[in-house]
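Visitor: Any chance you could fold what I've pasted below:
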Amino acid sequence: MELSVSSHPLSPTSTSSCSSQLPKPRVRVSQTTLIPFRFQPPPLSTHLRRSLRPMDSQRVTIARAADNGSPAASPPISTGGRIGEMKRVTKETNVSVRINLDGSGVTDSSTGIPFLDHMLDQLASHGLFDVHVRATGDIHIDDHHTNEDVALAIGTALLQALGDRKGINRFGDFSAPLDEALIHVSLDLSGRPHLSYDLCIPTERVGTYDTQLVEHFFQSLVNTSGMTLHIRQLAGKNSHHIIEATFKAFARALRQATEYDPRRRGTVPSSKGVLSRT
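Guide: Numbering: from 1, shown residues only. Now for the predicted structure:
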């Protein structure tokens, strides 16, 4: 738009008289398209332009990690997930276990011990693992052998599903409340089996389940999976709540430990470069 105004000097008379004598301004309007100004940065140097170029993941070969000698790569992508299967048959029990670490919390467990089935449901639901367990055993004697062999089979299936343990977080830590009960679980998928157990369960049984079998379950699982596991009771008076909070905390801690750390880029989470049971 172009604007031109003819000016006229004002005389030192009153404003009212002067305003009537001022010539009317002449305004000429032309239709002009305004183009917004865009800042154009100076061209980058060749070296800097190369450094800012997006990385083509299909063309870049990542060198071996300097910290532990493990090949650096993205976590493996598998539509089937990390799956472990174990069948254990003795004169006392017949147990089959299938676990998918990359599942969605689907559970299908039948051990002949209702309370143990309920706890395996917690493991699947809160760990987001798919857990399938079938077990028959000499429960006419007691639940000891079936409880033990189910845990041994789950630990072995977990060991198989973890494989070389590349790219995982390795460590897991979680505290789970259930009403008045509060349980803290910390674990390390180190390959070294160790259980530190500190629960004070006030009753000998929950339903028909012997509460001494809780410690035996985790000891058996630790032995075959190669896991360091610490369980601490911070509060609790109800036996059912204490045990269920333990399985929930264990499930969440195990979920943390088995999930992938994208920054690790597929390397083994150990300064030694290997995680094994030896």
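Visitor: contacts, neighbours, all on C-alpha from now
Guide: Noted.
Visitor: doesn't Val185 make contact with Thr228?
Guide: No - applying C-alpha atoms under 8 Å, one finds Thr228 not in contact with Val185, separated by 10.7 Å.
Visitor: quick one: which of those two has more around it?
Guide: A direct count of neighbours by other C-alpha atoms under 10 Å for Thr228 and Val185 places Val185 higher, at 26 against 19.
Visitor: isn't Thr258 right up against Arg170?
Guide: Yes - counting by C-alpha under 8 Å, Thr258 sits close enough to Arg170 to count as a contact (6.2 Å).
Visitor: Helices along the stretch 101-250 of the chain, start to end?
Guide: 114-127, 144-162, 213-225, 239-258 (DSSP state H, counting those that start in this stretch).
Visitor: Include mean pLDDT, mean neighbour count and distance to Val89 when you put the ones you listed into TSV, please.
Guide: Below are those laid out as TSV (pLDDT from 0 to 100; neighbours: other C-alpha atoms under 10 Å; distance: least, C-alpha to C-alpha, whole Å):
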stretch	mean pLDDT	mean neighbour count	distance to Val89
helix 114-127	98	21	19
helix 144-162	97	23	9
helix 213-225	98	21	16
helix 239-258	98	24	25
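Visitor: Out of those helices, which is closest to Arg232?
Guide: helix 239-258 (8.7 Å; C-alpha to C-alpha).
Visitor: what about the strands in the protein?
Guide: Remark: strands assigned in the chain by DSSP state E are 83-89, 93-100, 107-110, 130-137, 171-178, 181-188, 194-198, 205-206, 209-210, 228-235.
Visitor: Report the inter-axis angle for the last one versus helix 239-258.
Guide: For the pair strand 228-235 and helix 239-258, the angle between their directions (axes from the mean of the first three to the mean of the last three C-alpha atoms, to 10 degrees) equals 140 degrees.
Visitor: Would you mind pulling up the elements that strand 228-235 packs against?
Guide: Strand 228-235 is packed against strand 181-188, strand 194-198, with contacts defined by 3 or more C-alpha pairs under 8 Å, 6 or more residues apart in numbering; DSSP states H and E.
Visitor: could I have stretch 112-119 exported to CSV, CA atoms only?
Guide: What follows is stretch 112-119, C-alpha atoms only, in CSV (Å, rounded to 0.1, in the frame of the first residue of the first chain):
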residue,chain,number,x,y,z
GLY,A,112,-3.5,-78.9,41.4
ILE,A,113,-2.6,-76.4,44.1
PRO,A,114,-5.2,-73.5,43.9
PHE,A,115,-3.3,-71.0,45.8
LEU,A,116,-0.1,-71.6,43.7
ASP,A,117,-2.3,-71.1,40.6
HIS,A,118,-3.4,-67.8,42.0
MET,A,119,0.2,-66.7,42.6
